[in-house]
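Enquirer: sequence? don't have it. structure:
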């Protein structure tokens, strides 16, 4: 269908008047250029030679690039026919940029085009596509000029969303549903945003990827994904596509429903290292943005359309007339298919669901709902990896709320705690650690605005968070849990999810020994990746704690003087290596004392 649309468009344009007919291209010199084309499926480049005419001066400029009008002669022409040559826009950076940046721009657009193809296979009401883009090298007398090139299309150019949470006043469903689709279909590894163009033919997109490995400085990673979901309220089109609503707090849903969120610039935002800002959350102004000049809010429009869609498969929807619901007589994906696709996966060529482990790994998509992902993680091992990615997005949302990024820079504690807990449910160790600090009233520099009342219930919850962080491999969590079992301070009450608080915890030196020993086997997490105030327990200190417990015994641990002496000896050796001479001598003496009692 997409190819047929392009062929039809090509036939129509053949008989249309050239909008550049009177711009003097007849007088411009023919030039030979090298074209580089990227294949997003094979990840390979190929090149050929083409004949072009290009203007000497740009006709438009942006923040970083300038645009030139260009014509390309068809390779199928038997003789030069510039009258019917195709119109293109050639884009070039105004400042000197490495060649790799141009390659990256083309790769980004072509990879986005591939995601558009995946979206279209779901048979949505409106198909999407991206301009075919490629790179050309033009040899001049003194240098080689490089351009990113794409077709010129006349029409009303609209930016529907940005890479930092901007949403257009036009209540289009397709652009935002497409972005949401890429997040779930990629299994939370990327999202295509910065959707802009003529109708649903897009150009200059941006991708946020979880690993930040590609797509330039405007790839904001999990931070960018959080910005998208901060302003995305799922529409009937999202539901029809089988997409799930990202877990927003009641406060966020209320804010989106009433049109009250901070104004966001439509400009593409780049990483702090480029802007010079230390925090990308502070790059935009904070006035309240009315979404529409109409009296109907996004929520009202959404509820009205959803209600009409449920009652009548062919509602009259003038506000969102661009996205026809004629193809929504039944959901694009049924609930049964939705569960199958989450658990197994759909072969995009045959449209058949499979249930092999291989297909689950490569073709299944992920939900935006933490509850659904946790349920799936119990059955499918691969889901645990993508569950952590979803948690990272929630964690970044909590950071944004801690500084009031969406509420006129007044911290939204309720929403921040909501997303921090969601991140913890997904197993994000940083979230688990910070929640442990918050509930046990321990110092923490990150999210310091988040506080809870000090009581036995919260003390219990704090210990549970530390315990889960320890079980997830966080060394700091292991040490805190070990000290808690050793001292009995901070144990709180044993939590029971069904009956509330069940009984008091007790000191347990056997458990303390197990966690201390596990901490010794675990690599410490850098404080910059966790929290600057996170305690960094040195190895010799942990060894000394173990030695002391074996030396005294109690709380379920038998006295073992030989083991105590061995641990004191190891603690002394480590302390000596770290230039802690006095401490090392103390440990050597304690080791001798323990061994002497045995003799």
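Expert: Now that the structure is in, tell me what you want to look at. Worth saying up front: this structure is predicted, and the values here are computed from it rather than measured. Numbers count the residues shown, from 1 in each chain.

Enquirer: quick one: buried residues of the host helix or strand of residue 478?
Expert: When secondary structure is defined by DSSP states H and E, residue 478 falls within helix 475-487. The neighbour-count check on helix 475-487 (16 or more other CB atoms under 10 Å) flags 475-486 as buried. In short, each C-beta sits where N, CA and C put it, glycine included.

Enquirer: ditto for stretch 232-246
Expert: For stretch 232-246, a neighbour-count test (16+ other CB under 10 Å) marks 232-246 as buried.

Enquirer: now the end-to-end length of that stretch.
Expert: Distance between the two ends of stretch 232-246: 8 Å, counting by CA to CA, to the nearest Å.

Enquirer: and it, what's its mean pLDDT?
Expert: Averaged across stretch 232-246, the pLDDT comes to 92.

Enquirer: what's the spacing between it and its chain's center?
Expert: Centroid separation between stretch 232-246 and its chain, computed with CA atoms, centre = their mean, to the nearest Å, is 17 Å.

Enquirer: could you dump the buried residues of helix 475-487 to CSV with pLDDT?
Expert: Putting those into CSV (pLDDT from 0 to 100) gives the following:
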residue, pLDDT
475, 94
476, 94
477, 95
478, 96
479, 96
480, 95
481, 96
482, 97
483, 96
484, 95
485, 96
486, 96
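
Enquirer: And those residues, which is closest to residue 403?
Expert: Proximity of the buried residues of helix 475-487 to residue 403 (CB to CB) peaks at residue 476, which lies at 24.4 Å.

Enquirer: Name the single longest helix found in this structure.
Expert: The single longest helix within the chain, with elements called by DSSP state H, is helix 99-120.

Enquirer: re earlier: return the list of helices and strands in contact with the helix holding residue 478.
Expert: The criterion is 3 or more CB pairs under 8 Å, 6 or more residues apart in numbering; DSSP states H and E, and the helices and strands that helix 475-487 contacts are helix 429-439, helix 456-471, helix 509-520, helix 539-552.

Enquirer: Give the rounded mean pLDDT of the longest one.
Expert: Put plainly, it is helix 456-471. Confidence over helix 456-471 (mean pLDDT, whole number) is 93.

Enquirer: Same question for stretch 67-74.
Expert: Along stretch 67-74, the predicted local confidence has a mean pLDDT of 94.

Enquirer: what residues does that stretch touch?
Expert: Residues outside stretch 67-74 that contact it (CB atoms under 8 Å, 6 or more residues apart in numbering): 20, 23, 25, 30, 50-55, 57-61, 80-82, 84-92, 147, 149, 152.

Enquirer: Same check on stretch 570-578?
Expert: The list of residues contacting stretch 570-578 from outside it, by CB under 8 Å, 6+ apart, reads 538-541, 543-544, 547, 581, 583-588, 591.

Enquirer: From these, list the buried ones, please.
Expert: With burial judged by 16+ other CB under 10 Å, the buried subset of the contacts of stretch 570-578 is 539-540, 543-544, 547, 583-584, 586-588, 591.

Enquirer: Near residue 65, how many other residues are there?
Expert: By the measure other CB atoms under 10 Å, the count of residues near residue 65 is 18.

Enquirer: ok now do the residue lying closest to it once chain neighbours are set aside, which residues does it touch?
Expert: For residue 65, ignoring the flanking residues on the chain, the nearest one in space by CB to CB, 6 or more residues apart in numbering is residue 91 at 4.8 Å. In this structure, residue 91 makes contact with 65-68, 147-150, judged by CB under 8 Å, 6+ apart.

Enquirer: Same question for residue 396.
Expert: Taking CB under 8 Å, 6+ apart as the contact definition, residue 396 lies against 222-223, 225-226.

Enquirer: Let me have those residues in CSV, adding secondary structure and distance to residue 409 as columns.
Expert: Output for the contacts of residue 396, formatted as CSV (DSSP: H, G, I helix; E, B strand; the rest coil; distance: CB to CB, whole Å):
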residue, secondary structure, distance to residue 409
222, helix, 21
223, helix, 17
225, helix, 21
226, helix, 17
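
Enquirer: ok so, going back, can you tell me which of the buried residues of helix 475-487 is nearest residue 530?
Expert: For residue 530, the nearest member of the buried residues of helix 475-487 is residue 476. The distance, counting by CB to CB, is 6.6 Å.

Enquirer: Quick one: classify the closest residue to the closest one other than its chain neighbours as helix, strand or coil.
Expert: Ranked by CB to CB, 6+ apart and with sequence neighbours excluded, the top spatial neighbour of residue 476 is residue 534, at 5.2 Å. When the structure is split into helix, strand and coil by DSSP: H, G, I helix; E, B strand; the rest coil, residue 534 lands in coil.

Enquirer: Quick check: the gap between residue 534 and residue 444.
Expert: When CB to CB, to the nearest Å is the yardstick, residue 534 and residue 444 sit 8 Å from each other.

Enquirer: Which one of those two is surrounded by more residues?
Expert: For the pair residue 534 and residue 444, the greater number of neighbours falls to residue 534 (28 against 18), based on other CB under 10 Å.

Enquirer: Please determine how far that one is located from residue 469.
Expert: Remark: distance between residue 534 and residue 469 (CB to CB) = 11 Å.

Enquirer: If I take the longest strand belonging to the chain and helix 99-120, what angle do their directions form?
Expert: Longest among the strand segments of the chain by residue count, using DSSP state E, is strand 44-54. Strand 44-54 runs at 110 degrees relative to helix 99-120, counting by axes from the mean of the first three to the mean of the last three CA atoms, to 10 degrees.

Enquirer: Quick one: closest of the helices and strands packed on helix 475-487 to residue 171.
Expert: Nearest to residue 171, of the helices and strands packed on helix 475-487 and by CB to CB, is helix 429-439 at 34.0 Å.

Enquirer: what separates the helix or strand containing residue 88 from the chain centre, distance-wise?
Expert: Using DSSP H and E, residue 88 maps to strand 86-93. Counting by CA atoms, centre = their mean, strand 86-93 is centred 31 Å from the centre of its parent chain.
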